[in-house]
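coords please:
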Amino acid sequence: MTQDINKLLEKLNNLDFKNLYQDDFFHTWDKSQDELEAIFTVADTLRAMREKNISPKIFDSGLAISLFRDNSTRTRFSFSSAANLLGLEVQDLDEGKSQQAHGETVKETANMISFMADVVGIRDDMYIGKGYKYMKDFAEYVQEGYDHGILEQRPHLVNLQCDIDHPTQSMADLLHVIHEFGGVENLKGKKVAMTWAYSPSYGKPLSVPQGISGLFTRFGMDVVLAHPEGYEIMPEVEEIAKENAKKYGGSFTKTNSMEEAFKDADIVYPKSWAPFAAMEERTELYGKGDQKGIDELEKRLLEQNKEHMDWAATEEMMKLTKDGKALYMHCLPADITGLSCEDGEVDESVFDRYRDPLYKEASYKPYIIAAMIFLQKVKDPQATIKKLLEANKERLLDKEENK
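Coordinates of the predicted model:
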């Protein structure tokens, strides 16, 4: 349903988000509550404008550089859609076809691809201790190039997933939840089961469960992190979630029982991930170029996963949730039992029942990314949006006069 744009603008007037302007977006926990709500509000505004056929383009020209160091479908297309919505042209950097394959440094790459660029989106989630560091280094080198007069403008960075956080995903997820429950004011006290689930593959990033733990605890929700023993996430992110819960009136608890997490849950998010310790080991093996060690680690982890095949969103498990009707969520693609794999994260019947809400969940990501870019680049978003609305009125009047 299209929202009232004027009411959204009124909401923006009551939020302090000036520090988003000309700033990079790395983690949700780096941002204030007002800043997060401003991104949600602008995302809804941009969506409403598009639904009303009002152009939200704020760029006449410019580049949005995408650098994906891991495979992606939804995030890649969401970034492209967001950039296009605002008037930017997307240019993908294929590292295999760039001079990085011949030893070009990150510092050089950061400056060489940033001429006339307005935003750089990076996904680097494969290796613990590497992804966020790469993004941080990239941003510092771009700032250095701008300070030295090499770059005429300073492109700002959006974290499209790193080894620590997946902010565009978690924020799209939360905006979906906000709409499903009728407003951010209705989230307090809602139980969220962020649980590990069985997958026949290994090495899935930690950034989704970490992102959910670090963000949903900001809104007074009761987040339960559930996983078998040995599948811990980063301890520093757990601490962030605990502090958030204490500050914002929710709770953050852990359990080794999927049933306990699902019991009376309002929201369930069963998703496979690799153990933090194993991801650290994999990073070390890749650094040494130890392919034999990597193969042995993969084999060991797949066997470990098989010990927990009962960790799945089955019909029986869903009956444990609040009234048996919890909102099922997933970042996609899910490992669907009987469809995409023999045994996986979720029963096919459960997935099919929630297919439309899952697709709606995914649909928020382009607007979240567009809102991040918009607030990085526009100093007075309320005034800019009003100008876009006025321009649309003039366009419609011109059309009427020329009939």
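
OK, contacts around residue 301?
202, 203, 274, 275, 278 (CB atoms under 8 Å, 6 or more residues apart in numbering). C-beta: built from backbone N, CA, C; applies to glycine.

ok, residue 146 next?
153, 154.

circling back to that earlier point, now, which of the contacts of residue 301 lie within helices?
Under the assignment DSSP state H, these contribute residue 278 to helices.

same list (the contacts of residue 301) but as TSV, adding neighbour count, distance to residue 369 and pLDDT.
TSV is the format used below for these (neighbours: other CB atoms under 10 Å; distance: CB to CB, whole Å; pLDDT from 0 to 100):
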residue	neighbour count	distance to residue 369	pLDDT
202	21	29	85
203	17	25	83
274	23	26	95
275	21	30	95
278	19	30	92
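
distance to residue 47 added to the contacts of residue 301, as a markdown table?
Formatted as a markdown table, those follow (distance: CB to CB, whole Å):
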| residue | distance to residue 47 |
| --- | --- |
| 202 | 37 |
| 203 | 34 |
| 274 | 34 |
| 275 | 37 |
| 278 | 39 |
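
closest to residue 152 out of the contacts of residue 301?
residue 203 (40.6 Å; CB to CB).

just confirm the closest one contacts residue 283, I think it does.
No - counting by CB atoms under 8 Å, residue 203 sits too far from residue 283 to count as a contact (10.8 Å).

any chance you could map the strands in this protein?
Assignment of strands within the chain using DSSP state E yields the ranges 63-68, 89-92, 117-124, 156-162, 191-195, 222-226, 251-255, 267-270, 327-328, 336-337, 346-347.

low-scoring stretches of this structure, by residue?
1-2, 95-103, 395-403 (pLDDT under 70).

run the last query once more with 90
1-3, 69-73, 93-104, 126, 202-203, 391-403 (pLDDT under 90).

still on that earlier bit, wait, which of the strands of the chain is closest to residue 290?
Across these (criterion: CB to CB), the nearest stretch is strand 117-124, sitting at 21.0 Å.

ok, residues contacting that closest one?
Against strand 117-124 from outside (CB under 8 Å, 6+ apart): 59, 62-70, 72, 75-76, 79, 83, 88, 113-114, 130-132, 134-135, 138, 142, 153, 155-163, 369, 373, 376-377.

strand partners (parallel or antiparallel) of it?
Using DSSP bridges, strand 117-124 pairs in its sheet with strand 63-68 (parallel), strand 156-162 (parallel).

can I get the CA coordinates of the last one in CSV?
Once side chains and other backbone atoms are set aside, the C-alpha atoms of strand 156-162 remain, and they are given as CSV (Å, rounded to 0.1, in the frame of the first residue of the first chain):
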residue,chain,number,x,y,z
HIS,A,156,30.9,6.9,-0.2
LEU,A,157,30.8,3.3,0.6
VAL,A,158,27.8,1.0,1.3
ASN,A,159,28.6,-2.4,2.9
LEU,A,160,26.7,-4.9,0.8
GLN,A,161,27.9,-7.7,3.2
CYS,A,162,31.1,-8.3,5.0
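
can you give me the buried ones in that strand?
156, 157, 158, 159, 160, 161, 162 (16 or more other CB atoms under 10 Å).

again, but for stretch 373-381
373, 374, 375, 376, 377, 378, 381.

can you check stretch 19-28 too?
Buried residues in stretch 19-28 (16+ other CB under 10 Å): 20, 23, 24, 25, 26, 27, 28.

just to revisit the earlier point, is it possible to get TSV of the strands of the chain that adds distance to residue 390?
TSV is the format used below for the strands of the chain (distance: least, CB to CB, whole Å):
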stretch	distance to residue 390
strand 63-68	26
strand 89-92	26
strand 117-124	24
strand 156-162	27
strand 191-195	41
strand 222-226	43
strand 251-255	46
strand 267-270	40
strand 327-328	39
strand 336-337	48
strand 346-347	47
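
distance to residue 325 added to the strands paired with strand 117-124, as JSON lines?
Formatted as JSON lines, the strands paired with strand 117-124 follow (distance: least, CB to CB, whole Å):
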{"stretch": "strand 63-68", "distance to residue 325": "36"}
{"stretch": "strand 156-162", "distance to residue 325": "30"}
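
closest to residue 255 out of the ones you listed?
Closest among the strands paired with strand 117-124, using CB to CB: strand 156-162, at 26.2 Å.

give me the distance from that closest one to the chain's centre.
Offset of strand 156-162 from its chain centre (CA atoms, centre = their mean, to the nearest Å): 9 Å.

now swap in stretch 320-327 and tell me
25 Å.

what's that stretch in contact with?
Here stretch 320-327 has contacts from 177, 180, 191, 193, 259, 262-268, 318, 354, 357, using CB under 8 Å, 6+ apart.

just the buried residues of those.
Applying 16+ other CB under 10 Å to the contacts of stretch 320-327 flags 177, 191, 193, 262, 265, 266, 267, 268, 318, 354 as buried.

ok, the third one - contacts?
Pointing back at residue 193 there. 224, 226, 258, 261, 262, 265, 267, 268, 269, 270, 321, 326.

quick check: the two most widely separated of the residues you listed?
Maximum distance among those (CB to CB): 14.4 Å, for 258 and 267.

next, count neighbours for the closest residue to residue 137 other than its chain neighbours.
In space, and not counting its chain neighbours, residue 137 is closest to residue 106: 5.6 Å by CB to CB, 6 or more residues apart in numbering. A total of 14 residues lie near residue 106 under the criterion other CB atoms under 10 Å.

now do the contacts for residue 106.
Residue 106 neighbours (CB under 8 Å, 6+ apart): 134, 137, 138, 141.

what's the local residue count around the third one?
The tally of other residues near residue 138 (other CB under 10 Å) stands at 24.

so who does it touch?
Neighbours of residue 138 in contact, by CB under 8 Å, 6+ apart: 106, 109, 110, 120, 122, 157.

and the last one, by the same measure?
Taking CB under 8 Å, 6+ apart as the criterion, residue 141 is in contact with 106, 107, 110, 111.

what subset of those residues is buried?
Among those, the ones that count as buried (16+ other CB under 10 Å) are 110, 111.

nearest to residue 289, of the contacts of residue 141?
Nearest to residue 289 among the contacts of residue 141 is residue 106, at 19.5 Å by CB to CB.

before I go, just wanted to say thanks for your time.
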